[in-house]
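Asks: structure, please.
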Amino acid sequence: MLIHLNTQADLEDAVQALVEQDPRLKPVLEQTGMPALRQREPGFAGLAAIVCGQQLSTASAAAIWARISAAFDPFHHDAIRKARADRLGRLGLSAAKIKTLKHIARELAEERLNLDVLANEDADAAHNTLTSLPGIGAWTADVYLLFCLGHGDAWPAGDLAVQEAVKIGLGLKTRPTAKQMTPLAEPWRPLRGAAAHLWWSYYRVLKKREGVISK
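Replies: Numbering: from 1, shown residues only. This next block holds a predicted model:
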């Protein structure tokens, strides 16, 4: 069963179902309160914005994306496909990110890739489709599936904040690796995306309570 988190009500229903599925999450929810749904623009623009922000501070990523989206308005994959690399570079994109965006733009133009249909695919299959694209890592794929497409079962196993929250919330001795996070999340299928929202909220509670948590 595929769940979509397109509204706050969708997320709240999913979180309540999660707590019933796994009672270990009840004290986590009691501390966080109901998490708020986080959404981004879907399609090429949404994925491009995530790519632009990879390995950058929030402020730097926002500044670069503001320049790019203003330079290409409306923002469309054909415009990026045809744009000169030096122009994209002057807007703040690295050579690696230019290569990634141009590759995705070509795949979309030639209809070998359809980003929207991923919302209705199994989360692991959709993840694999995205990570097969050059320059798209696991974190980028999962953030796109979760925030841009509202995929209810997307699981950002490599996210450090989620890992730290899971460690503390489940009483683990060490922070789990991305590989270890996959079996840990099995009890939360098909609502791992809702679980991620809950764990992010818990991480924010922990940061306020204990100061900035060491990575």
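
Asks: buried residues, stretch 80-97. List them.
Replies: Within stretch 80-97, the residues scored as buried using 16 or more other Cβ atoms under 10 Å are Ile80, Arg81, Ala83, Leu88, Leu91, Gly92, Leu93, Lys97. Just so you know, the C-beta spots here come from the backbone N, C-alpha and C atoms, and that holds for glycine as well.

Asks: what is the end-to-end distance of that stretch?
Replies: 12 Å (Cα to Cα, to the nearest Å).

Asks: contacts for that stretch, please.
Replies: Taking contacts as Cβ atoms under 8 Å, 6 or more residues apart in numbering, the residues outside stretch 80-97 that touch it are 44, 48, 51-52, 54, 63-64, 67-68, 71-72, 98, 101-102, 105-106, 109, 135.

Asks: just want the most central residue of the chain.
Replies: Taking Cα atoms, centre = their mean as the criterion, Val143 is the residue nearest the geometric centre of the chain, at 0.9 Å.

Asks: tell me the contacts of that one?
Replies: By Cβ under 8 Å, 6+ apart, the contact list for Val143 reads Ile50, Pro156.

Asks: which SSE is it in?
Replies: In the assignment (DSSP states H and E), Val143 maps to helix 138-143.

Asks: OK, contacts around Val19?
Replies: Leu25, Lys26, Leu29.

Asks: in CSV, list those residues along with secondary structure.
Replies: As requested, the contacts of Val19 are arranged in CSV below (DSSP: H, G, I helix; E, B strand; the rest coil):
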residue, secondary structure
Leu25, helix
Lys26, helix
Leu29, helix
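
Asks: how close does Ala96 get to Thr58?
Replies: Distance of Ala96 to Thr58, computed by Cβ to Cβ, to the nearest Å: 20 Å.

Asks: I appreciate the help and will end here.
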